[in-house]
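> dropping a prediction and its sequence here:
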2 protein chains.
Amino acid sequence: VNGASGDAEDAVVILEKTPFQEESIPDLLKKHTKLQLQMSNDIYSTYHLYPPPQLSEIKTTVVYPATEKHLQKYLRQEVYLIRETGEDYKNITLPFIQSQSFSIQWVYNILEKKAEADRIIHENPDSSNGFILIPDFKWNQKQIDDLYLIAICHRRGIKSLRDLTSEHLPLLRNILQEGKEAILKRFGLVGSQLRIYLHYQPSYFHLHVHFTALSYDAPGCSVEKAHLLSDVIDNLELDSQYYQKRALTFALRADEALLKKFQEAGK
Amino acid sequence: VNGASGDAEDAVVILEKTPFQEESIPDLLKKHTKLQLQMSNDIYSTYHLYPPPQLSEIKTTVVYPATEKHLQKYLRQEVYLIRETGEDYKNITLPFIQSQSFSIQWVYNILEKKAEADRIIHENPDSSNGFILIPDFKWNQKQIDDLYLIAICHRRGIKSLRDLTSEHLPLLRNILQEGKEAILKRFGLVGSQLRIYLHYQPSYFHLHVHFTALSYDAPGCSVEKAHLLSDVIDNLELDSQYYQKRALTFALRADEALLKKFQEAGK
């Protein structure tokens, strides 16, 4: 991703290389393609291949004129890890979350069938241990390679991993078990081919669980953000207060207000 | 990644698109580049850009003639998650590891300065709590964007996370603390910009810790493979036997012998 700036008014130009398309591979390997030998050793050799323009399309997005906000969004941001203790959560993160009025009306609309009712894959209607399973917006549902669904619990007021205690084990076990079964039934993918996890920090503060195809290198499944639901269940069985006490690591961009709060607190 | 097969003898051909180079961006945007409008809406528009061949180099690796083993390595494989309990480790995984004679002579060569001595970034020579910090082979050391180093402990016989107890806390704390300091001193990257973790399963059974730049989406840092060193230390402080008792999740390819062992055991 690259931003280029003009003279009078700024523009954002995003260049993205796209994946190879299987049907164009034979063309790429034909003899009109320029090939430059780099290294040869025994049965191994490496080349630079220079494909004809029509086979190396670059997806280009232009925002013009671009506002300061557009520029900020695409400029490369430094990212920092925070190691948040249970105390830090109470003293820094929780007050910050409460001071922000994040709207989660769109979540309630789904739970109340006021929106996206036709997209629901599975529902357990129980008000305290039930949930709705629905495809994530990032998934176009055209192939299971990048399968991505979200389980949203019916119960309100569970903001994140930090609020979970052993009281929530029946809910979490329902999500794990029924979520797997529903995905097998509808999409034919078995439970052992699913990555099932929570984010901490989540992007919205109503408890939800991510289901992605294991073979899919989904955004947000790295170790500093994702927590496997199976691990969460085991930890709560071990200690009901596990997630109130434990230090949790997450990343924040340099421009995020919460990072400033941690810095002000000398963390 | 694509494999193509010939007539008489098979070959593996790997095609990889390479990242944009900052200095070639102005050339890409010059007017001799073919641009095809796709969509335009308000200030947003998208295009297909067809770059000249010299600006869209593809890294090509050829293995020829390729053995059956080469073909297997590169063919797309189904991947399955295993949830290994402490008992499973003792009854299935450990006997399997012991039956394989993985050579780790190359690790001992590093520790004994018989190889790569000039690449060492930091060493704590203590035989039980010391380690060597060295750049990983995947990192060309040309930029810190994809910084990747490995800390290899001097002490022998710690196969993986599963062997760790509170006895190893001084070693782990040394790796965390001194590793961060050495990377700050040599490469200017602060500790909060580092992802520091162990793999389970590891690719070789001598304890080592990965250090990657947080901004780098490094291979093997996803939640089903990576364990943050800070979490490992906290868990061992909580319970010395944590990693002997806890279930651990990892992925195995369909062709891996260990998967078969788990299947035979009805897991």
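In hand now; what should we look at? Because the structure is a prediction, the values reported are computed rather than measured.

> what is the neighbour count of A:Leu49?
With neighbours defined by other CB atoms under 10 Å in any protein chain shown, the count for A:Leu49 comes to 20. C-beta coordinates here come from the backbone N, C-alpha and C atoms, glycine included.

> can you pull the contacts of it?
Contact analysis of A:Leu49 by CB atoms under 8 Å, 6 or more residues apart in numbering or on different chains lists A:28, A:33-36, B:15, B:57-60.

> by mean pLDDT, flag the weakest helix or strand of chain A.
Lowest by mean pLDDT, DSSP states H and E among the helices and strands of chain A is helix A:68-74, with a mean of 78.

> show me what that helix is packed against.
Secondary-structure packing of helix A:68-74 (3 or more CB pairs under 8 Å, 6 or more residues apart in numbering or on different chains; DSSP states H and E): strand A:12-17.

> repeat that with 10 Å
strand A:12-17, strand A:58-63 (3 or more CB pairs under 10 Å, 6 or more residues apart in numbering or on different chains; DSSP states H and E).

> can you list the ones you listed in CSV and add mean pLDDT, distance to chain B and mean neighbour count?
Shown next, in CSV, are the helices and strands packed on helix A:68-74 (pLDDT from 0 to 100; distance: least, CB to the nearest CB, whole Å; neighbours: other CB atoms under 10 Å in any protein chain shown):
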stretch, mean pLDDT, distance to chain B, mean neighbour count
strand A:12-17, 86, 5, 18
strand A:58-63, 87, 4, 19
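
> make a markdown table from these and add distance to A:Leu147 to it.
Shown next, in a markdown table, are the helices and strands packed on helix A:68-74 (distance: least, CB to CB, whole Å):
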| stretch | distance to A:Leu147 |
| --- | --- |
| strand A:12-17 | 22 |
| strand A:58-63 | 23 |
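
> strands of chain A, residue ranges please.
A:12-17, A:34-41, A:44-50, A:58-63, A:79-84, A:122-124, A:131-135, A:148-153, A:194-199, A:208-213, A:226-228, A:248-253 (DSSP state E).

> now do the contacts for the nearest residue to A:Arg156 once chain neighbours are set aside.
Computed as CB to CB, 6 or more residues apart in numbering or on different chains, the closest residue to A:Arg156 that is not its neighbour in sequence is A:His206, at 6.9 Å. Taking CB atoms under 10 Å, 6 or more residues apart in numbering or on different chains as the contact definition, A:His206 lies against A:102, A:104, A:106-108, A:111, A:152-153, A:155-160.

> mind checking the end-to-end distance for stretch A:70-78?
17 Å (CA to CA, to the nearest Å).

> ok, the residue lying farthest from the centre of chain A to chain B distance?
In chain A, counting by CA atoms, centre = their mean, A:Asp42 sits farthest out from the average C-alpha position, at 42.5 Å. According to CB to the nearest CB, to the nearest Å, A:Asp42 and chain B sit 10 Å apart.

> quick one: contacts for that residue?
A:Asp42 touches B:Val63, counting by CB under 10 Å, 6+ apart.

> how about 7 Å then?
A:Asp42 sits next to no residue when contact means CB atoms under 7 Å, 6 or more residues apart in numbering or on different chains.

> up against chain B, what does the stretch 51-200 of chain A have?
Applying CB under 7 Å from any CB of the partner chain, we find that the stretch 51-200 of chain A lies next to chain B at A:51-54, A:56-65, A:79-81, A:83, A:192-193, A:195, A:197.

> go again with 10 Å.
By the rule CB under 10 Å from any CB of the partner chain, the part of the stretch 51-200 of chain A lying against chain B is A:51-67, A:70, A:76-83, A:85, A:190-198.

> in this structure A:Ile152 contacts A:Leu133, no?
Yes. In this structure, A:Ile152 is within contact of A:Leu133 by CB atoms under 10 Å, at 8.1 Å.

> more neighbours: which of these two?
Each of A:Ile152 and A:Leu133 has its neighbours counted (other CB under 10 Å); A:Leu133 has more, 22 against 19.

> quick check: closest non-adjacent residue to the more buried one.
A:His122 (4.2 Å).

> again with A:Ser160
A:Pro202 (5.2 Å).

> now A:Ser45
Using CB to CB, 6+ apart, the closest residue to A:Ser45 is B:Val62 (4.9 Å).

> report the contact partners of the one you found.
Applying CB under 10 Å, 6+ apart to B:Val62 gives the contacts A:35, A:37, A:40, A:43-47, B:4, B:11-14.

> and the residues you listed, which is closest to B:Ala247?
Nearest to B:Ala247 among these, counting by CB to CB, is B:Ile14 at 35.9 Å.

> quick one: low-confidence parts of the stretch 51-200 of chain A?
Low-confidence segments of the stretch 51-200 of chain A (pLDDT under 70): none present.

> so where do the helices sit in it?
Applying DSSP state H, counting those that start in this stretch to the stretch 51-200 of chain A gives helices spanning A:68-74, A:86-88, A:94-99, A:105-111, A:169-187.

> so which of those is the most surrounded?
Across the helices of the stretch 51-200 of chain A, averaging neighbours per residue (mean count of other CB atoms under 10 Å in any protein chain shown) puts helix A:169-187 on top, at a mean of 17.

> what sits against the spatially most central residue of chain A?
Note on chain A: the residue nearest the mean C-alpha position is A:Gly220, at 3.6 Å, using CA atoms, centre = their mean. Residues in contact with A:Gly220 (CB under 10 Å, 6+ apart) are A:138, A:197, A:199, A:202-203, A:210, A:212, A:226, B:222-223.

> can you lay out the residues you listed as TSV showing distance to B:Gln241?
Supplementary listing: the contacts of A:Gly220 in TSV, determined by distance: CB to CB, whole Å:
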residue	distance to B:Gln241
A:Lys138	40
A:Tyr197	25
A:His199	29
A:Pro202	32
A:Ser203	36
A:His210	31
A:Thr212	32
A:Ala226	25
B:Ser222	26
B:Val223	23
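
> need the buried ones from those selected in ChimeraX.
Per 16 or more other CB atoms under 10 Å in any protein chain shown, the buried members of those correspond to this ChimeraX selection:
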select /A:197,199,202,210,212,226 /B:222,223
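
> quick one: which of the contacts of A:Gly220 is nearest A:Glu116?
A:Lys138 (14.5 Å).
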